[in-house]
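Asks: What follows is a predicted protein model with its sequence.
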Amino acid sequence: MNIGIDIDDTITNTYETLLPIINLKYGMSFDKILKKNPSYDMLRNILPDFNTFVLDNYTAMAKVVPLKEGVIEVLSKLKSQGHKIIFITARNNIEYKNPYELSYDYLKVNKIPFDKLIVNVKDKARECILQDIDLFIDDNTKNCKAVKNRGIETLQFGTIFTPESKHLKRVNSWEEVYNKVQEMYA
């Protein structure tokens, strides 16, 4: 089975790393940001110098952002079962300096097993079709719905920033991902 996986806030704790940086620079409390239904798009609207902030912080942060608990173990088990792991990320040249190299190095340094990495993806549903993805895992509701609408099994990785959707299967840990994969494709 081909498993497509997002990076930020799906295998990493990106928001939890980013918000303290925003708090230090702009004095915005975690609670204030939470009340605004945070998303990367929302940051464009609330940060006065968003483009500068992104260039100054995203690349450095992406090098050190912590992994979600259990991700290495689960992806290693899935890979050993013969599943193909394909990372499909929206990381792009506007927000990151060399997003492919940055992401590739991060995955290798952290010993994340994978078969392929695709960056700068604007339409994840289309990319999932092109990569013949059987299961897609992402935290972003819009991406999950678009992929699901193409007939691809989808798991939405829940975070405190991800609203629940009655139309999506939600998982809150990598252990849950593993169990769902075993149920779906046993």
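Replies: Thanks, I have the structure now.
Asks: what ranges do the strands span in the chain?
Replies: Here the chain has its strands, by DSSP state E, at 2-5, 84-88, 116-118, 135-138, 153-157, 169-171.
Asks: of all the ones you listed, which lies closest to Glu16?
Replies: strand 153-157 (13.5 Å; C-beta to C-beta). For glycine as for every other residue, the C-beta is placed from the backbone atoms N, C-alpha and C.
Asks: What count of nearby residues applies to Gly151?
Replies: Per other C-beta atoms under 10 Å, the neighbour tally for Gly151 reads 10.
Asks: what's the answer for the one 3 residues further on, then?
Replies: Counted with other C-beta under 10 Å, the burial measure for Thr154 works out to 24 neighbours.
Asks: ok, now the one 3 residues further on?
Replies: For Phe157, the neighbour count with other C-beta under 10 Å is 23.
Asks: Tell me how far stretch 132-139 lies from the chain's centre.
Replies: 11 Å (C-alpha atoms, centre = their mean, to the nearest Å).
Asks: Quick one: end-to-end length of that stretch, please.
Replies: This stretch, stretch 132-139, spans 20 Å end to end (C-alpha to C-alpha, to the nearest Å).
Asks: ok, and what's touching that stretch?
Replies: Contacts to stretch 132-139, defined as C-beta atoms under 8 Å, 6 or more residues apart in numbering, come from residues 1-6, 8-10, 86, 88, 124, 128, 143-144, 147, 152-159, 161-162, 171, 177, 181, 184-185.
Asks: cool, stretch 149-168 as well?
Replies: Under the criterion C-beta under 8 Å, 6+ apart, residues 6, 9-10, 15, 34, 37-39, 125, 128-129, 133-141, 144-145, 147-148, 169-172, 177, 180, 184 lie in contact with stretch 149-168.
Asks: give me that answer again for 7 Å
Replies: Contact with stretch 149-168 is made by 9-10, 15, 38, 125, 128-129, 133-139, 141, 144-145, 147-148, 169-172, 177, 180, 184, as judged by C-beta atoms under 7 Å, 6 or more residues apart in numbering.
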